[in-house]
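*Asks:* give me a model of this one.
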Amino acid sequence: MKFLDRFYIPWSRVEWVTCFFLGGTLLLTLTAVPWYILTYGLDWFQVGLFFIWFFLSGMSITFGYHRLFSHRSFEAKMPLRLVSLLFGAAAFENSALDWCSDHRRHHKHTDHEDDPYDISKGFFYAHLGWMLFKLKPLPPMENVADLRKDPLVMWQHRYWHLIGFATGFVLPTMIGYWYGGFEAALGAFLISGVARTVAVQHCTFCINSACHSLGTQPYSARCSARDSWIMALFTFGEGYHNFHHEFQHDYRNGVKPWQFDPTKWLIWTLNKVGLTSNLRQVPDEKILKAQEAERERRRLEREGRAPAEAVTEENIPVIPSRDGVLN
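*Replies:* Numbering: from 1, shown residues only. Okay, the predicted model is just below:
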């Protein structure tokens with residue numbers, strides 16, 4: 001009976017809409033998309049539209065939902081904020097308000113019970129399972145009081161399902177119809193709409209699962225977050241997760257010059273033309289100090305001695321940079 005208890009499903013708490021959407025889009029991606037490609041072929045238009053929509057929706061999550069709204073690591077002009085909210089909705093990862101509330105709780109309670117996607121509950125739970133069941137009681141949202149004062153964020157919060165459907169499915173389908181009629185429209189819906197949604201979502205989900213399971217911890221081992229250059233390739237630089245958890249208000253995730261972080265490069269470039277400002281970053285000497293402290297902690301641990309105190313963002317000043325020095 002204890003073995004069967006592992007498979008107990010609390011049916012009264014199942015988020016049926018979420019389950020059907022995640023399951024339905026995945027099923028279409030694995031069946032209808034290959035059928036379309038085998039039947040009609042795959043041309044440059046469908047491939048190009050997929051990557052454009054992948055970039056717009058994926059970057060809206062990393063640039064907008066994550067670094068701009070959740071961590072306030074920089075400021076952005078209204079057109080950029082609007083685009084981030086429009087195409088962030090197209091990723092179908094909730095409204096910016098709810099997404100940011102969950103993410104801030106994740107940073108505050110990493111690896112503990114109040115962490116929404118606690119990796120200690122298993123890889124599947126952190127990746128996907130946490131969304132499939134209702135939380136009772138619903139977590140408070142006092143941690144996004146600042147965002148509640150933003151009219152654009154609140155507008156998107158009220159209508160994000162409609163916004164996401166329009167930008168994520170209707171718009172690429174209309175572009176496909178304009179390009180090549182019904183056949184191209186169907187392909188755009190399936191490839192740039194459905195398959196792209198699945199791809200963006202699971203890349204994001206991997207930050208909660210893979211980047212808390214696989215990779216290195218050069219800055220601190222006080223939580224499960226890890227740096228993974230492989231995941232950075234698929235998430236616009238979000239894979240450097242150990243650095244991010246230590247210095248969450250820094251606008252950079254890949255802090256080293258050679259690390260792949262296109263979100264950082266975009267924020268920096270837009271700063272040069274006046275569209276972003278007040279880029280927040282931790283001084284280089286403080287980052288090096290954290291690395292040295294972690295190396296020393298590991299050395300002492302190997303010798304069976306008391307580890308050195310971890311250097312965390314709480315005891316490191318974050319220096320706003322209006323010039324946005326690119327590292």
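*Asks:* show the subsequent helix or strand relative to the one helix or strand Gln46 maps to.
*Replies:* Here Gln46, judged by DSSP states H and E, is contained in helix 44-59. Downstream of helix 44-59, the first helix or strand assigned by DSSP H and E is strand 75-76.
*Asks:* quick one: mean pLDDT over whatever helix or strand comes next after that following strand.
*Replies:* Sequence-wise, the next helix or strand downstream of strand 75-76 (DSSP H and E) is helix 78-89. Helix 78-89 carries an average pLDDT of 97.
*Asks:* cool, and stretch 232-243?
*Replies:* The model assigns stretch 232-243 a mean pLDDT of 96.
*Asks:* how about stretch 251-268?
*Replies:* 96.
*Asks:* what does it contact?
*Replies:* Here stretch 251-268 makes contact (C-beta atoms under 8 Å, 6 or more residues apart in numbering) with 59, 62-63, 67, 73-74, 229, 232-233, 236-241, 243-244, 247, 276, 279-281, 287, 324, 326-327. All C-beta atoms are positioned from the backbone trio N, CA, C, and that covers glycine.
*Asks:* and if you look at stretch 99-110?
*Replies:* Counting by C-beta under 8 Å, 6+ apart, 61, 65-66, 69-70, 88, 93-94, 114-118, 139, 141, 143-144, 147, 208, 223-225, 245, 248 sit against stretch 99-110.
*Asks:* just to revisit the earlier point, narrow the contacts of stretch 251-268 to those that are buried.
*Replies:* With neighbours counted by 16 or more other C-beta atoms under 10 Å, those contain buried members at 59, 62-63, 67, 73-74, 232, 236-241, 243-244, 247, 276, 279-281, 287, 324, 326.
*Asks:* would you mind writing the CA trace of stretch 117-137 as PDB?
*Replies:* As requested, the backbone C-alpha atoms of stretch 117-137 are provided in PDB (Å, rounded to 0.1, in the frame of the first residue of the first chain):
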ATOM      1  CA  TYR A 117       9.000  25.000  -7.600                       C
ATOM      2  CA  ASP A 118      11.000  23.400  -4.900                       C
ATOM      3  CA  ILE A 119      13.600  21.100  -6.500                       C
ATOM      4  CA  SER A 120      13.700  19.000  -3.300                       C
ATOM      5  CA  LYS A 121      10.300  17.700  -4.200                       C
ATOM      6  CA  GLY A 122      11.700  16.100  -7.400                       C
ATOM      7  CA  PHE A 123      12.800  17.000 -10.900                       C
ATOM      8  CA  PHE A 124       9.300  16.600 -12.400                       C
ATOM      9  CA  TYR A 125       7.700  18.700  -9.700                       C
ATOM     10  CA  ALA A 126      10.100  21.600 -10.200                       C
ATOM     11  CA  HIS A 127       9.800  21.300 -14.000                       C
ATOM     12  CA  LEU A 128       6.100  20.900 -14.400                       C
ATOM     13  CA  GLY A 129       4.300  19.300 -11.500                       C
ATOM     14  CA  TRP A 130       3.900  22.400  -9.300                       C
ATOM     15  CA  MET A 131       1.600  23.900 -11.900                       C
ATOM     16  CA  LEU A 132      -0.700  21.000 -12.200                       C
ATOM     17  CA  PHE A 133      -2.300  21.200  -8.700                       C
ATOM     18  CA  LYS A 134      -4.000  24.000  -6.900                       C
ATOM     19  CA  LEU A 135      -2.300  25.500  -3.900                       C
ATOM     20  CA  LYS A 136      -4.500  25.600  -0.800                       C
ATOM     21  CA  PRO A 137      -4.600  28.200   0.500                       C
END
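*Asks:* residues of that stretch that come out buried?
*Replies:* 117-119, 125-128, 130-133.
*Asks:* how far does the longest helix seen in the chain sit from the chain's center?
*Replies:* Secondary structure assigned by DSSP state H gives helix 16-40 as the longest helix of the chain. Centroid separation for helix 16-40 versus its chain: 22 Å, with C-alpha atoms, centre = their mean, to the nearest Å.
*Asks:* buried residues, that helix. List them.
*Replies:* 18, 22, 25-26, 28-29, 32-33, 36.
*Asks:* what of stretch 206-220?
*Replies:* In stretch 206-220, counting by 16+ other C-beta under 10 Å, buried: 206-213, 215, 217-220.
*Asks:* and for stretch 43-52?
*Replies:* 45-46, 49-50.
*Asks:* do the same with stretch 155-163
*Replies:* 156-157, 160, 163.
*Asks:* so which of those sit within helices?
*Replies:* Using DSSP H, the buried residues of stretch 155-163 in helices are 156-157, 160, 163.
*Asks:* got TSV for the residues you listed, with distance to Trp178 too?
*Replies:* Shown next, in TSV, are these (distance: C-beta to C-beta, whole Å):
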residue	distance to Trp178
Gln156	26
His157	31
Trp160	26
Ile163	21
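*Asks:* state the pair within these that is farthest apart.
*Replies:* In those, two members sit farther apart than any others by C-beta to C-beta. They are His157 and Ile163, at 10.1 Å.
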